[in-house]
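Engineer: quick one: sequence plus predicted model below, questions after.
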Amino acid sequence: MPTALVVAEPGNTGSTAVLELDGALRLEGFEVEHAVPDDLMLNRPSPDLLLVSAALGLQRVALLCQRFVVDGRTPTVVAFPDDDIGALEECVRGGFDYVTRPFLPSLLRSRVNSCFERWQLSSTVEEMAALASLREYERELSIAREIQAGFLPESMPELDGWEIAASFRPARQVAGDFYDVFTLVNGRRLAFVVADVCDKGVGAALFMALIRTLLRHTAEHTGLVQLSGDDLTAVVGGASYPAPLPLLSLGAGPLVQAVVGTNRYMARNHLKQGYFATMFFGVLDPRSGDLVYINGGHNPPVMVRADGRQSLLPPTGPAVGILPDSSYTLGHVRLGPGDALFTYTDGVVEARNADHGLYGTARLQEVLARPGVNAGDLLEAVDSAVRHFVGTAEQSDDITTLALRRTPR
Amino acid sequence: MSFKINMNVEGDTATIRLAGELDGRSAPELNDLVSQAVGRQVAKLVLLLDELTYMSSAGVRCLVFAHQKLPRGSEITLVGTQPEVAETIRLTGFDRSIMMR
């Protein structure tokens, strides 16, 4: 007498599907046994026919089959739906055969016969298990990607007289790049960050989540000026500007605390893992156009003046998390009407074409030289220029860009 | 671009020669050699970089790693660093923790 083994989740062993299947198999002359997945840890003889509930999920179905491999051969494996048709689809996409209700004895016999024949021809269980693992891995990654998207701002703050645009294009499912834009001090300051966690992929993505959170949380929860002297040597960058010390201006406190605090946290807790982030963190006074910033080892953003002149904002301190006792200097610029600031990650200037050439800063500055372009169009111009340059080559690094522009009078 | 790496340990000094591009793909090879060097208790790490044409942030991460793993007070020296590579390291501020010649 041929043997059949029906495997279902413990909660489903008495389900309509299982009972119907049992009845139909017996009428067709099978000797039927039932099991839950945990029973199968023990060695048990291979049945002729293995019916597995799709509710177990593709990964477990595939692993379960591997337990029955004897001399490289397995019983005929057929999946059946235990109420969840989506789970069955997943198994079918994974390469498994299937039967569905109603389980009428004659129909079942004919399905099982054709499944048996197909099974003999189909790929080995090892291949299917590998495929199932890959799918599972991809699924996990796409979940990670969704979660990571939640670490980017949902929408941009709207500020009269200012345009803000940002774009984020990861090279893989998940990225080490990020940007953030939020308001501080009851909307009187606009904070923005463009950062790049070294390396890429899952490791960088985990640190991205940590660093973004530390920066934003600290910035949002720091009072106006409460700096302890040993953490900071703050001086005014670009000393030619005759204004009150930016250090004393609203928003400088949160900025410094966020960067210094994050660096201290990273150095204290994660130095051994060797991850660090380069970042540009700016705090803008939308009324005056004054911008105080810290550039922690990041590619210099480009200031594009209304008249087309350009200047770069080089680092004012090291990358965050790279050294335990880093000190940061505050930089300062003022954006007048029509002035724009373009901030980006190294994925832009280190983009490569098929000949392996680098895009480079010179090409970027050329694109930025087109006058009178609004923030959104500026990003698009850069993006399309980079895409054009890269051509058919694969995008090798995450690309993040952010443009801030004061609308012309 | 092909990446080449080899290491030579003499006394308390490990010398690693790198050629090609040090990026996310090749970085694990350097990390492996650094771990080996640490296992052999070297006090000096010399990187010969005259044939290294590119270093990504993953490459800088290797240097940070090496700095972490080597005992305190160990020296890391970069020799023959090409301008682009030196610029990448300088940008991150990590040049303060190593010597570049």
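Structural biologist: Sure thing, it's come through. Numbers count the residues shown, from 1 in each chain, chains lettered A, B, ... in the order given.

Engineer: residue of chain B closest to chain A, please.
Structural biologist: B:G93 (2.4 Å; Cβ to the nearest Cβ). C-beta coordinates here come from the backbone N, C-alpha and C atoms, glycine included.

Engineer: could I get the biggest strand by length in chain B in PDB with only the CA atoms?
Structural biologist: Assignment by DSSP state E gives strand B:44-55 as the longest strand of chain B. Once non-C-alpha atoms are left out, strand B:44-55 reads as follows in PDB (Å, rounded to 0.1, in the frame of the first residue of the first chain):
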ATOM      1  CA  LYS B  44      54.200  48.700  13.300                       C
ATOM      2  CA  LEU B  45      52.100  48.500  10.200                       C
ATOM      3  CA  VAL B  46      53.400  49.900   7.000                       C
ATOM      4  CA  LEU B  47      51.200  50.100   4.000                       C
ATOM      5  CA  LEU B  48      52.800  50.600   0.600                       C
ATOM      6  CA  LEU B  49      50.300  52.400  -1.500                       C
ATOM      7  CA  ASP B  50      52.100  53.700  -4.500                       C
ATOM      8  CA  GLU B  51      50.100  51.400  -6.800                       C
ATOM      9  CA  LEU B  52      46.800  52.000  -5.100                       C
ATOM     10  CA  THR B  53      44.700  54.100  -7.400                       C
ATOM     11  CA  TYR B  54      41.500  54.400  -5.400                       C
ATOM     12  CA  MET B  55      40.200  54.100  -1.800                       C
END
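
Engineer: quick check: mean pLDDT of it?
Structural biologist: Per-region confidence: strand B:44-55 scores 95 on mean pLDDT.

Engineer: do the same with stretch A:336-346
Structural biologist: Over the span of stretch A:336-346, the pLDDT mean works out to 96.

Engineer: that stretch near chain B at all?
Structural biologist: Yes. With Cβ under 8 Å from any Cβ of the partner chain as the measure, stretch A:336-346 is seen reaching chain B through A:D346.

Engineer: okay, buried residues for that stretch please.
Structural biologist: Within stretch A:336-346, the residues that count as buried by 16 or more other Cβ atoms under 10 Å in any protein chain shown are A:G338, A:D339, A:A340, A:L341, A:F342, A:T343, A:Y344, A:T345, A:D346.

Engineer: let me see the contact set for the last one.
Structural biologist: When contacts are counted by Cβ atoms under 8 Å, 6 or more residues apart in numbering or on different chains, A:D346 is found next to A:D196, A:T278, A:N299, A:D397, B:S56, B:S57.

Engineer: from B:L48, how far out is B:M55?
Structural biologist: B:M55 is 14 Å from B:L48, where distance means Cβ to Cβ, to the nearest Å.

Engineer: the more surrounded of those two?
Structural biologist: Remark: of B:M55 and B:L48, B:M55 carries more neighbours, 25 against 18, as counted by other Cβ atoms under 10 Å in any protein chain shown.

Engineer: rewinding a little: can you give me the neighbour number for the residue of chain B closest to chain A?
Structural biologist: Number of residues near B:G93 (other Cβ under 10 Å) recorded here: 22.

Engineer: got the phi and psi for it?
Structural biologist: phi 90, psi 0 (degrees, to the nearest 10).

Engineer: ok, for it, nearest residue in space, not its chain neighbours?
Structural biologist: Among residues not flanking B:G93 along the chain, A:P318 sits closest, at 2.4 Å (Cβ to Cβ, 6 or more residues apart in numbering or on different chains).

Engineer: give me the most central residue, chain A.
Structural biologist: A:V174 (3.0 Å; Cα atoms, centre = their mean).

Engineer: three-state assignment of that one?
Structural biologist: With DSSP: H, G, I helix; E, B strand; the rest coil as the basis, A:V174 sits in coil.

Engineer: so what's it closest to, chain neighbours aside?
Structural biologist: A:A205 (3.8 Å).

Engineer: please apply the same query to A:V194.
Structural biologist: Going by Cβ to Cβ, 6+ apart, A:V194 has A:T343 as its nearest residue, at 4.3 Å.

Engineer: might one say that the one you found is in contact with A:F280?
Structural biologist: Yes. At 5.1 Å, A:T343 and A:F280 qualify as touching, with contact defined as Cβ atoms under 8 Å.

Engineer: overlap in contacts of the two?
Structural biologist: Contacts common to A:T343 and A:F280, judged by Cβ under 8 Å, 6+ apart, are A:V194, A:P301.

Engineer: hmm, back to that, can you check the pLDDT for the residue nearest to the centre of chain A?
Structural biologist: 88.

Engineer: next up, the contacts around it.
Structural biologist: A:L141, A:A144, A:R145, A:Q148, A:G201, A:V202, A:A204, A:A205.

Engineer: among those residues, which one sits closest to B:P83?
Structural biologist: Here the nearest of the contacts of A:V174 to B:P83, counting by Cβ to Cβ, is A:A204; it sits at 26.6 Å.

Engineer: beyond the helix or strand containing the closest one, next helix or strand please.
Structural biologist: Per DSSP states H and E: A:A204 is located in helix A:202-220. Per DSSP H and E, the first helix or strand lying C-terminal to helix A:202-220 is helix A:252-270.

Engineer: near chain A, which residues of chain B?
Structural biologist: Counting by Cβ under 8 Å from any Cβ, chain B comes close to chain A at B:1, B:23-24, B:27, B:54, B:56-58, B:60-62, B:64-65, B:68, B:91-94, B:96-97.

Engineer: buried only: go through these for me.
Structural biologist: B:23-24, B:27, B:54, B:56-58, B:60-62, B:64-65, B:91-94.

Engineer: where in chain A is pLDDT low?
Structural biologist: A:41-43, A:70-73, A:120-126, A:223-248 (pLDDT under 70).

Engineer: in it, which helix is the longest?
Structural biologist: Taking DSSP state H as the assignment, the helix of chain A that covers the most residues is helix A:125-149.

Engineer: what helices and strands are in contact with the very next helix or strand once past that helix?
Structural biologist: Using DSSP H and E, the helix or strand that follows helix A:125-149 in sequence is strand A:162-169. Using 3 or more Cβ pairs under 8 Å, 6 or more residues apart in numbering or on different chains; DSSP states H and E, the elements in contact with strand A:162-169 are strand A:177-184, strand A:189-197, helix A:375-390, strand A:399-406.

Engineer: so which residue of the stretch 201-350 of chain A comes closest to chain B?
Structural biologist: Residue of the stretch 201-350 of chain A nearest chain B, by Cβ to the nearest Cβ: A:P318 (2.4 Å).
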